[in-house]
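J.: for reference, the sequence and a predicted model appear below.
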Amino acid sequence: MTQFQSRTVALIGLGLISGSLALALRASSWNGTLTAWGPREASLKRGLELGVIDHYSLELSEVLAAADMVVVGAPPAATGEILKSVVGELSRLNRSPVVTDLASIKAHVIDSMASDYANFVPGHPIAGSEHSGVAFADSALFRGREVVLTPLPHTESNATEQVRAMWDLTGAYIRQMGVEEHDALLAASSHMPHIVAYALTRALERNAAEPMVHGGGALRDMTRIAGSDPLMWTDISVANQTALLTAIDGFQDEMIALRGLISSADAAALSDYFAICRAHRRAHDDILNPLPAGDSEEKL
């Protein structure tokens, strides 16, 4: 296993995911320095108070001047532009640390970045929460979760290995794939559940009988992620529009087919349908519920 060699990790944007990465590194065998830059000093101060970071600066150049690893944590719509600024500043400083990001969409970020920086490794940890902000950072957030890396044709192999080594310290498992494959898969597996949760919640909100008042565990579980950050999910919906529309069309076809089975009261077909769904879900328990009882619960 490659050893993580960076002594100073710079977090560009300090929120739930980047803060959780910082805490996971603190909880590991790594004993380097964590520094941060962001547009809002309040978040940076809070991170310092909570012990998430060692120090921060409102000057991007100051943070980049000391960094061995740069991690950009921002909404997808902003990540590409921030990366462009980071690479430009590193060129001015005549430095070339490894740079990675945390955005859940890769093609939009890479296109917006518009740079062939050889030490850039696009990344995406598939973990999160309906909460946002560094105050909700969790050192166990990535344990047993997947991190996808999508290195580009010009990406240096050593840069990829260093990003992989960093994520190894968090307890995550790492997979590597192409940019387009990532965006299509994530539209179906991560973005669509949020879209479905939002649509269900809006249907409940429009219902004058206020069915949410009578909700139980099923409704709680199905609508929990509708409490996620609206701005972030607006960004994701726009930035991954093509892949997300394909996923929505597939889901719509499935709803039409299920509606047909219910309309025809075909009990045998419905039983088969639900049994297939149950078997498929249970076959993936090791991925969707990876932690032992009593450990931190997954936060989608």
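T.: It's in.

J.: phi and psi next, for the closest residue to Met166 other than its chain neighbours.
T.: Leaving aside its sequence neighbours, Met166 sits nearest to Phe4 (CB to CB, 6 or more residues apart in numbering; 5.2 Å). In short, each C-beta sits where N, CA and C put it, glycine included. Dihedral angles of Phe4 (phi, psi; degrees, to the nearest 10) stand at phi -70, psi 120.

J.: now do the contacts for Phe4.
T.: Taking CB atoms under 8 Å, 6 or more residues apart in numbering, we find Phe4 in contact with 30, 162, 165-166, 168-169.

J.: highest neighbour count among those?
T.: Neighbour counts for these (other CB atoms under 10 Å) peak at Met166, which has 28 neighbours.

J.: longest helix anywhere in this structure?
T.: If you go by DSSP state H, the chain has its longest helix at helix 241-263.

J.: contacts for that one, please.
T.: Contacts for helix 241-263 (CB under 8 Å, 6+ apart): 183-184, 186-188, 191-192, 195-196, 236-237, 269-270, 273.

J.: again with stretch 25-33
T.: Residues outside stretch 25-33 that contact it (CB under 8 Å, 6+ apart): 4, 6-9, 34, 51-52, 54, 66, 68, 139, 166, 169-170.

J.: circling back to that earlier point, can I get the contacts of helix 241-263 in JSON lines with distance to Gln252 and secondary structure?
T.: Shown next, in JSON lines, are those (distance: CB to CB, whole Å; DSSP: H, G, I helix; E, B strand; the rest coil):
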{"residue": "Asp183", "distance to Gln252": "20", "secondary structure": "helix"}
{"residue": "Ala184", "distance to Gln252": "17", "secondary structure": "helix"}
{"residue": "Leu186", "distance to Gln252": "19", "secondary structure": "helix"}
{"residue": "Ala187", "distance to Gln252": "14", "secondary structure": "helix"}
{"residue": "Ala188", "distance to Gln252": "13", "secondary structure": "helix"}
{"residue": "His191", "distance to Gln252": "15", "secondary structure": "helix"}
{"residue": "Met192", "distance to Gln252": "11", "secondary structure": "helix"}
{"residue": "Ile195", "distance to Gln252": "11", "secondary structure": "helix"}
{"residue": "Val196", "distance to Gln252": "11", "secondary structure": "helix"}
{"residue": "Ile236", "distance to Gln252": "19", "secondary structure": "helix"}
{"residue": "Ser237", "distance to Gln252": "16", "secondary structure": "helix"}
{"residue": "Ala269", "distance to Gln252": "19", "secondary structure": "helix"}
{"residue": "Leu270", "distance to Gln252": "19", "secondary structure": "helix"}
{"residue": "Tyr273", "distance to Gln252": "16", "secondary structure": "helix"}
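
J.: list just the nearest of those to Ala107.
T.: Proximity of these to Ala107 (CB to CB) peaks at Asp183, which lies at 5.4 Å.

J.: can you get me a residue count around the closest residue to the closest one other than its chain neighbours?
T.: Of all residues not flanking Asp183 in the chain, Ala243 sits nearest, at 5.0 Å (CB to CB, 6+ apart). Ala243 has 21 neighbours, counted by other CB under 10 Å.

J.: measure Ala243 to His55 for me?
T.: 39 Å (CB to CB, to the nearest Å).

J.: now Ser85
T.: On the measure of CB to CB, Ser85 and His55 end up 21 Å apart.

J.: ok, Leu152 next?
T.: Leu152 is 32 Å from His55, by CB to CB.

J.: what of Thr2?
T.: Counting by CB to CB, the gap from Thr2 to His55 is 28 Å.

J.: one more: Ala172?
T.: Applying CB to CB to Ala172 and His55 gives a distance of 26 Å.
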